[in-house]
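Q: make a model of this:
(chains A, B, C and D)
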Amino acid sequence: MSDYQPNEIMTIAAARLLTNEDVCFVGIGAPSAACNLARLTHAPKITLIYESGTLSTRPTVLPLSIGDGELCDTALTTVSVPEMFRYWLQGGRITTGFLGGAQIDRFANLNTTVVGPYDAPKVRLPGGGGAPEIAIHCGQIFIIMAMGQRAFMDKLPFITSLGHGTGKGSREALGVKTRGPTQLITDLCIFEPDAETSELTVTSIHPGVTRDQIQANCGWPVKFAAEVKETRAPDATELSVLRDLHARTKAAHAA
Amino acid sequence: MSDYQPNEIMTIAAARLLTNEDVCFVGIGAPSAACNLARLTHAPKITLIYESGTLSTRPTVLPLSIGDGELCDTALTTVSVPEMFRYWLQGGRITTGFLGGAQIDRFANLNTTVVGPYDAPKVRLPGGGGAPEIAIHCGQIFIIMAMGQRAFMDKLPFITSLGHGTGKGSREALGVKTRGPTQLITDLCIFEPDAETSELTVTSIHPGVTRDQIQANCGWPVKFAAEVKETRAPDATELSVLRDLHARTKAAHAA
Amino acid sequence: MAEFMSLRDAIAANLKDGDSVAMEGFTHLIPYAAGHEVIRQGQKDLTLIRMTPDIIYDQIVGMGQAKKLVFSWAGNPGVGSLHRVREEIEAGRLAIEEHSHAAMANAFEAGAANLPFAVFRGYKGVDLPKVNSNIRSVTCPYTGEVLATVPAVRPDVAIIHALKADREGNVMLEGIVGVQKEAVLAAKRSVVTVEEIVDDFGPRSANAVILPAWTVTAIVKVPGGAHPSYAQGYYKRDNAFYIAWDKIARDKAVFLKWMEDNVLSSGPESFAAHARRFAVAAE
Amino acid sequence: MAEFMSLRDAIAANLKDGDSVAMEGFTHLIPYAAGHEVIRQGQKDLTLIRMTPDIIYDQIVGMGQAKKLVFSWAGNPGVGSLHRVREEIEAGRLAIEEHSHAAMANAFEAGAANLPFAVFRGYKGVDLPKVNSNIRSVTCPYTGEVLATVPAVRPDVAIIHALKADREGNVMLEGIVGVQKEAVLAAKRSVVTVEEIVDDFGPRSANAVILPAWTVTAIVKVPGGAHPSYAQGYYKRDNAFYIAWDKIARDKAVFLKWMEDNVLSSGPESFAAHARRFAVAAE
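A: Below is the predicted model:
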């Protein structure tokens, strides 16, 4: 089974990390696909929350936006956005948050705000949205991002959301008690923060990907763990469920 | 028509002060009777709010407590208690609040907390409940209390809710922008704060009541306005509607 | 994740001597059956938190199980005093931390929001801040206005009564919802008694007040469990009992006899009879 | 007290040059018809406040009516950039005050609660506080923890789209309710467009999300008024339009032509066709 795209193994690898016990704060795009794939395969009881206020939602197609009606229709209930951010996110009730971004550094800090100076932007990005507080209030963070030299940066022009700051101990020094990014799932490999330094370190490489390829798509010298696994290739079920989900979604959004 | 009780004219005189435009924060007892009497007579569109969260409620019997089911059954909607105190009371959305108390002083400050020292109470009263913030957030306050030497005090042992403090300008000095108590309706007469001093001053005396009677039931030297009116006696409609309401209520509560 | 339990097991597993506990319900849905189980089990040195202590805390205080009461209005609504509470306070045997309703409501909200304190505009020109050192202030960093603060309520245990749970352990409330959701979210552990357990909540408002299963510790079915309070759509408030309580609680001996007859030698199953007697359908 | 008006009169009476305005709706119930009326009337120097500016603000900004944008996420959700907003910011022609969602949600909540600021735990280890001087802090008077603050949002005008109003002028929302209730309660004036006006809301949850008539300034019936956003139970989100907008907005000339054809020479009645096309019942 090698007939899959890099973004498919990225989504599937992320989905595999999720369990029935997780309460996920889901972002749009790859996180939404990964979470719903997990729900439709091995983790049917996983709890999905979208920042629009929908608690325990079970969409049959992926939402285009964070607040599609599908999310509300299939939710246990829907709360106001102030309540979502106060009682649910800040309340510490989310086990796993998902983030992506335009740019990431070796300590999993993310930039989704601006390229170039803030006051004279070269590229103005959408901004943080929920990310600054998702990054500190969820029990742990999974980041899903495709690799590339313009995304995996040696130094970020702007820090939108906190990863591991300047390394081990940064979060604690800021009084943050959650674990922060524990997994960075890319189209080429999976990184985890090193136990000693919190620097992102490759722990699993997707089938057929080389270390050189990973380095070529990363703006800092990549660290590899002492033991690097090969990511298990997507199986037929994973691929068909994911593709069905995307097909249903595409049909629904074009309607 | 002189066949009425002192507490009836007290309730009726209070009810007459209310209009269709008022949004009232209603307390249990005489305020609830007065507000619902107004609603069932001359002010059918008056908006009644109880601190239990019921907005625009229209009970057919008076609630025994602030949160009887009747209030919710007949409400436009019901909000949580934190929302009630944040968005609705503190939000400044109430035109008229009602307060009563065990004790009052000449500046309409109220005590419902304690008689004797706080730490070694002679009589422990229920406490403030909503009163401290009702007193400062409603556009104006109507106080309904029967007179008596133990209730109308020269000096309060404890100030539970703010009236006019130590006199004119006290509220402003505390940064409070609402009018505070504008009417004190008793079983014998009606007091209003003097325009110059904010001291409670008799402006209307109920039929058949003498100035000596008022003074005999008040712990401070009573001031009378230059022109004191006679309160109009309850008319047949007012009395019958009030008595019907009380009869329905009594039957319902005994059930 | 919510576990379905017997009332005895749920209280025993979650409430320990010395705990702080919030049994909430603003007139509606007061958790009497659970409170009576606490009385039967006799947990001691409790810090009782509740906006309006109501008869349930008059009973627990009267049985000598509380060391402290955190509250904003301690009376029998529309009737008069809570005689057991009042006697203990007047005798100096019960510590109190007294707030206004606004402060308590904000304190529960802050607890649910995982904040250490709440900010509100209140307590102006009154004496309570002189006797409660937990009433403090912050200055607005934009306007310079000084606002009141109150510490968040973060009880060890929240105990509430709700209308329904579904088989997954989600809990639904409706009507006067008070601060119950906040109490559960603010607490370390929670026990929720319900009128009924249903397969599915069925058609409902998209914005129904629901506590998801993973926010609740224990769920117990106790029909009638709010009596003499009420459960919207199930049974009405027993106002006559609230009036009658005044006489029962006024005298300690009468009170103790009543507690012996009606609580200590009884069980949660006795509440079903109340539910039938005051059933909404029976009107 | 809510007054029933035409859309033209409601916007003209309530929105003036230089006003701050919050058109809210978190994906759901975005007030497009009202926004288009603002574009036709051409109010200038507006401060636009919205958590997620969405296409509606791309349009108003693109038409040159805004001097400042207060926001927390300015994108076309699931699609990409808001090209008009992005171009104006990159060119330095649009002032911004940028927050996180948590900050904005708290700021609306504080506005509704008539507080000057909100307290929350946020903005740790990030750069936004370095570039937004309105992100400040207070110290908890109990624990010493330093928490983030944001000024309350208190717009001159709130504009929202809701599901229904009744004849008395009460307004009902359902589904994803976002911060719309807070926006209306925080604002000095409000314009609410609705799908329909009913005699009575009829049977409903006891805790339905309702803005009472006396909290609303103007109500206008505009069926379909949220398109290409959606109205729960009435019509679905026009996701294809959101995708198509990317091409329209990318080029200023194409954008202006589209605005001329679809907004300036149109009126609120055109929204009814959208509602029919995406009607939930039509599925």
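Q: how long is stretch A:24-33 end to end?
A: With CA to CA, to the nearest Å applied, stretch A:24-33 spans 12 Å between its terminal residues.
Q: now do that stretch, average pLDDT.
A: The average pLDDT within stretch A:24-33 is 87.
Q: stretch A:18-35: how far from the chain's middle?
A: Relative to the chain's own centre, stretch A:18-35 is displaced by 8 Å; criterion: CA atoms, centre = their mean, to the nearest Å.
Q: ok, stretch C:125-144 next?
A: On CA atoms, centre = their mean, the centre of stretch C:125-144 falls 27 Å from that of its chain.
Q: give me the phi and psi for the residue lying closest to residue C:264 once chain neighbours are set aside.
A: The shortest distance from residue C:264 to any non-neighbouring residue, by CB to CB, 6 or more residues apart in numbering or on different chains, is to residue C:40 (6.1 Å). All C-beta spots, glycine's among them, are computed from the backbone N, C-alpha and C. Dihedral angles of residue C:40 (phi, psi; degrees, to the nearest 10) stand at phi -60, psi -40.
Q: please name the residues that touch residue C:40.
A: When contacts are counted by CB atoms under 8 Å, 6 or more residues apart in numbering or on different chains, residue C:40 touches C:263-264, C:267.
Q: lowest-confidence member of those residues, which is it?
A: Lowest pLDDT of those: residue C:267, 92.
Q: now the stretch 151-255 of chain A against chain C: closest residue?
A: Nearest to chain C, among the residues of the stretch 151-255 of chain A, is residue A:177, at 10.6 Å (CB to the nearest CB).
Q: secondary structure class for that residue?
A: Assigned by DSSP: H, G, I helix; E, B strand; the rest coil, the conformation of residue A:177 is coil.
Q: can you report how many residues neighbour it?
A: As a burial measure, residue A:177 scores 11 neighbours (other CB atoms under 10 Å in any protein chain shown).
Q: for residue A:87, same thing?
A: The tally of other residues near residue A:87 (other CB under 10 Å) stands at 23.
Q: for the residue lying closest to it once chain neighbours are set aside, which residues are in contact?
A: Spatially, and ignoring its direct neighbours in sequence, residue A:87 is nearest to residue C:112 (4.9 Å; CB to CB, 6+ apart). By CB under 8 Å, 6+ apart, the contact list for residue C:112 reads A:86-87, A:91, C:181-183, C:185-186.
Q: try residue A:123
A: A:114-116, D:90.
Q: try 7 Å this time
A: A:115-116 (CB atoms under 7 Å, 6 or more residues apart in numbering or on different chains).
Q: average pLDDT across stretch A:72-85?
A: Average pLDDT, stretch A:72-85: 96.
Q: same check on stretch A:115-125?
A: 95.
Q: work out the gap between it and the centre of the chain.
A: Counting by CA atoms, centre = their mean, stretch A:115-125 comes out at 24 Å from the chain centroid.
Q: distance between the ends of it?
A: Stretch A:115-125 has an end-to-end distance of 7 Å (CA to CA).
Q: give me the buried entries from the contacts of residue C:40.
A: Applying 16 or more other CB atoms under 10 Å in any protein chain shown to the contacts of residue C:40, the neighbour count classes residue C:263 as buried.
Q: which residues of the stretch 51-200 of chain C fall in strands?
A: All strands of the stretch 51-200 of chain C, identified by DSSP state E, counting those that start in this stretch, fall at C:66-71, C:75-76, C:80-81, C:95-98, C:117-120, C:136-139, C:146-151, C:157-166, C:171-173, C:189-198.
Q: so in that sheet, which strands flank whichever helix or strand comes after the last one, and in what orientation?
A: Pointing back at strand C:189-198 there. As assigned by DSSP states H and E, the chain's next helix or strand after strand C:189-198 is strand C:209-211. Here strand C:209-211 is paired, per DSSP bridges, with strand C:171-173 (antiparallel).
Q: who's in contact with the partner strand?
A: Under the contact criterion CB under 7 Å, 6+ apart, strand C:171-173 has outside partners C:29, C:162-165, C:180-181, C:192, C:194, C:201, C:208-211, C:216, C:219.
Q: next up, the contacts around residue C:65.
A: Under the criterion of CB under 7 Å, 6+ apart, the contact list for residue C:65 reads C:42-44, C:46.
Q: what pLDDT does it get?
A: Note on residue C:65: pLDDT of 98.
Q: go through stretch C:245-263 and flag the buried ones.
A: Within stretch C:245-263, the residues that count as buried by 16+ other CB under 10 Å are C:245, C:248-249, C:255, C:258-259, C:263.
Q: got the contact list for it?
A: For stretch C:245-263, the surrounding residues in contact (CB under 7 Å, 6+ apart) are C:36, C:39-40, C:55, C:58-59, C:62-63, C:76, C:79-80, C:82-84.
Q: let's see 10 Å
A: Contacts with stretch C:245-263, where a contact means CB atoms under 10 Å, 6 or more residues apart in numbering or on different chains, come from C:32, C:35-40, C:54-55, C:58-59, C:62-63, C:76, C:79-87, C:228, C:238, C:241, C:244, C:264-266, C:270.
Q: which ones among the residues you listed map onto helices?
A: Using DSSP state H, C:32, C:35-40, C:54-55, C:58-59, C:62, C:83-87, C:241, C:244 are the members of the contacts of stretch C:245-263 that sit in helices.
Q: the stretch 101-250 of chain A: strands as residue ranges?
A: Counting by DSSP E, counting those that start in this stretch, the strands of the stretch 101-250 of chain A are A:103-104, A:110-111, A:114-115, A:123-124, A:140-144, A:181-185, A:189-193, A:200-205, A:223-230.
Q: residue contacts, residue 175?
A: All of this refers to chain A. Contacts for residue A:175 (CB under 10 Å, 6+ apart) come out as A:136, D:121, D:124-125, D:145-146.
Q: not what I meant, chain C
A: With contact taken as CB under 10 Å, 6+ apart, residue C:175 is in contact with B:52-54, B:67, B:69, B:71-73, B:75, B:78, C:28-29, C:163, C:209, C:230-233, D:205-207.
Q: one more time with 6 Å, if that's ok
A: When contacts are counted by CB atoms under 6 Å, 6 or more residues apart in numbering or on different chains, residue C:175 touches B:72, C:28, C:232, D:206.
Q: how many neighbouring residues does the residue nearest to it when sequence neighbours are not counted have?
A: Counting by CB to CB, 6+ apart, residue C:175 lies nearest to residue C:232, which is 3.4 Å off, once chain neighbours are set aside. Residue C:232: 22 surrounding residues under other CB under 10 Å.
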